[in-house]
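> sequence plus the predicted model coming up.
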Amino acid sequence: MTKRVHFIAIGGSAMHNLAIALHRQGFDVTGSDDEIFEPSRSRLDRLGLLPNTLGWRAEDITKDIDAVILGMHARIDNPELKRAQELGIPVYSYPSYFYERTKGKTRVVIGGSHGKTTITSMIVHVLRHAGVDFDYLVGAQLDGFDCMVKISDASQVAIIEGDEYLASAMEPVPKFHLYRPDIALISGIAWDHVNVFKTFVSYVDQFRKFIACIEPGGKLVYCKEDDEVKAVAEEQDVSAVRIGYGIPKHRIVEGVTTLETAHGDVPLQVFGKHNLQNLEGARHVCHVLGIGDKEFHAAISSFHGAAKRLEKLVEVPGRVVFKDFAHSPSKLKATLEAVREQFPQRRLVACMELHTYSSLNEGFIDQYAGTMDAADRAIVFYDPHAVQLKRLPPIPVERVKRAFAREDIIVLNDPIAVMGAVREGIRGDSVLLMMSSGNFGGLDLQALSEAFTA
């Protein structure tokens, strides 16, 4: 019998992918939301899953619905949620629903303040190369996958990107606490989500609780070169089998990073300290899943990164443009240092956007001190309208300059001015790095890239 599932806040990144996955499994899927943006809108529309109207309709919640999945965007007083509760319909966050569907399988959960999308993507890439059937839940678009969630009856393994942000209004706990991993990985810990975790101590404690969620007899793979991760993972009361990792042996020649392995050299399409750590973490997870190192390296040589993670936009002789999702201080610093190491002789022009709640918060912004020091020319953009939407007090340009602790930093809030500042920074052989979780106020990055490489 076909099961009926209703999504409250279907437009979310993971929510709409889960809706599509269930639809393809033959479920009767409906949903609602008060705002749906691209690419969710078009993807839902193509499959007939886009709500006819925006908003919440309690009358659409009927007794024949088998389960309601509640997105984080929906509030606790949502009329559809209240109606589902009145009718006694089971309500899940998407992590708790995914757990219910995969609790008989080996669950691999990748956590960390940075690197989790890339590591998850690497593992998925290798397993696919090896012909392994697996379920997955990933946060970024991958080549060869048109949906970033898959649940099947046949597979025995589930690969999950474990976000530390809250699951839903009904389950206000970090998502990665709900998956109960058999194999857990922690890539790095650096304070984020300050609107939820008011102190660094409370943020770190979420990873301690994540470790406590590992199933009996499970394994913890962790980056031993991250001091915070090492401290938490090596506490005495951790009962999981611990597997530490660091940076594998490698060399960089003419902009290409090559692994030096027991079975020969492995040239890579990705680069940077964190990507090498990510790769080593992925290798250990794959090894636990039965993938040998030779097979792993054969597959990883063709991995060119997750979407928006050091994604190459344009390259011509002597010049290249990358865009990256980096926005937190640790991600920003790591990305800049990776590009500097890969292209040591080129002029590095870096532009980042303050876009998240944390980055625009007066109590957090000083965490950015020194993060752009690796750039020859550093530009920071922020949109005053984004500050208003987040109901935060205005941030003066001078305050942003002080936060980054760099006298020559350029701070702008006009996207056209960003275009000019980037072009003014062009000098000979150069690299341009554009970093944001937003869109630079609607700036045309392709046009900017073509101007930089002209």
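Here it is on my side, so go on.

> what about residue 449, distance to residue 216?
51 Å (CB to CB, to the nearest Å). The C-beta positions use only the backbone N, C-alpha and C, and glycine is treated the same way.

> neighbour count: the two, which is higher?
Neighbours were counted for residue 449 and for residue 216 using other CB atoms under 10 Å; residue 449 has more, 22 against 7.

> burial of the residue nearest to residue 366 when sequence neighbours are not counted, as a residue count?
Leaving aside its chain neighbours, residue 366 sits nearest to residue 403 (5.1 Å; criterion: CB to CB, 6 or more residues apart in numbering). Using other CB under 10 Å, residue 403 has 23 other residues around it.

> now do the same contact list for residue 403.
Residue 403 makes contacts with 365, 366, 368, 369, as judged by CB atoms under 8 Å, 6 or more residues apart in numbering.

> just among these, which is most surrounded?
That'd be residue 368 among these, by other CB under 10 Å, with 22 neighbours.

> which pLDDT value belongs to that residue?
Residue 368 carries a pLDDT value of 93.

> please apply the same query to residue 11.
With respect to pLDDT, residue 11 has a value of 95.

> need phi/psi at the residue lying closest to it once chain neighbours are set aside.
Sequence neighbours aside, residue 36 is the residue nearest to residue 11 in space, at 3.5 Å (criterion: CB to CB, 6+ apart). As for residue 36, its main-chain torsions (degrees, to the nearest 10) stand at phi -140, psi 120.

> contacting residues around residue 36?
Neighbours of residue 36 in contact, by CB under 8 Å, 6+ apart: 10, 11, 44, 50, 51, 54.

> and the third one, what pLDDT?
As predicted, residue 44 sits at a pLDDT of 97.

> tell me how many other residues surround it.
24.

> and it, what is it in contact with?
Residue 44 neighbours (CB under 8 Å, 6+ apart): 10, 11, 16, 19, 20, 31, 36, 50.

> which of these lies closest to residue 344?
Ranked by distance to residue 344 (CB to CB), these are led by residue 16 at 41.9 Å.

> so what's the closest one closest to, chain neighbours aside?
Nearest to residue 16 is residue 40, by CB to CB, 6+ apart, at 4.3 Å.

> for residue 392, same thing?
Going by CB to CB, 6+ apart, residue 392 has residue 360 as its nearest residue, at 5.4 Å.

> mind listing the strands for the stretch 351-454 of the chain?
377-382, 410-412, 430-435 (DSSP state E, counting those that start in this stretch).

> just give me the longest helix of this structure.
In the chain, with assignment by DSSP state H, the single longest helix is helix 273-288.

> so how far is residue 3 from residue 90?
In terms of CB to CB, residue 90 sits 11 Å off from residue 3.

> mutual contacts of these two, please.
Counting by CB under 8 Å, 6+ apart, the residues touching both residue 90 and residue 3 are 66, 67.

> now residue 349: which helix or strand?
Following DSSP states H and E, one finds residue 349 within strand 347-354.

> ok, residue 413 - contacts?
Residue 413 touches 381, 382, 383, 384, 397, counting by CB under 8 Å, 6+ apart.

> top of the residues you listed by number of neighbours, please.
residue 381 (25 neighbours).

> who's that one bridged to?
Beta-bridge pairing for residue 381 (DSSP bridges): residue 353, residue 412.

> surely residue 346 touches residue 432?
No - shown here, residue 346 and residue 432 do not form a contact pair, counting by CB atoms under 8 Å, at 10.1 Å.

> neighbour count winner among those two?
residue 432 (28 against 19).

> ok, and what's touching stretch 249-268?
So stretch 249-268 is contacted by 248, 270-272, 275-276, 279, 293-294, 297, 300-301, 303, 341-343 (CB under 8 Å, 6+ apart).

> buried members of those into PyMOL, please.
Per 16 or more other CB atoms under 10 Å, the buried members of the contacts of stretch 249-268 correspond to this PyMOL selection:
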select buried, resi 270+271+272+275+276+279+297+300+301+303+342+343
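
> closest to residue 164 out of the contacts of stretch 249-268?
Using CB to CB, those come closest to residue 164 at residue 275, 20.8 Å.

> report the separation between the closest one and residue 52.
44 Å.

> got it, and residue 359?
37 Å.

> what does residue 445 give?
In terms of CB to CB, residue 445 sits 34 Å off from residue 52.

> could you do residue 388 as well?
In terms of CB to CB, residue 388 sits 31 Å off from residue 52.

> looking at these two, which is more packed in?
When neighbours are counted by other CB under 10 Å, residue 388 and residue 52 differ, and residue 388 comes out ahead with 11 against 6.

> residue 246 contacts residue 221, correct?
No - using CB under 8 Å as the test, residue 246 is too far from residue 221 to be in contact (11.9 Å).

> between these two, which one's more packed in?
residue 221 (27 against 13).

> what are the phi and psi values at the residue nearest to residue 115 when sequence neighbours are not counted?
Excluding the flanking residues, the one nearest residue 115 by CB to CB, 6+ apart is residue 187, at 3.8 Å. Torsion angles at residue 187 (phi, psi; degrees, to the nearest 10) stand at phi -90, psi -30.
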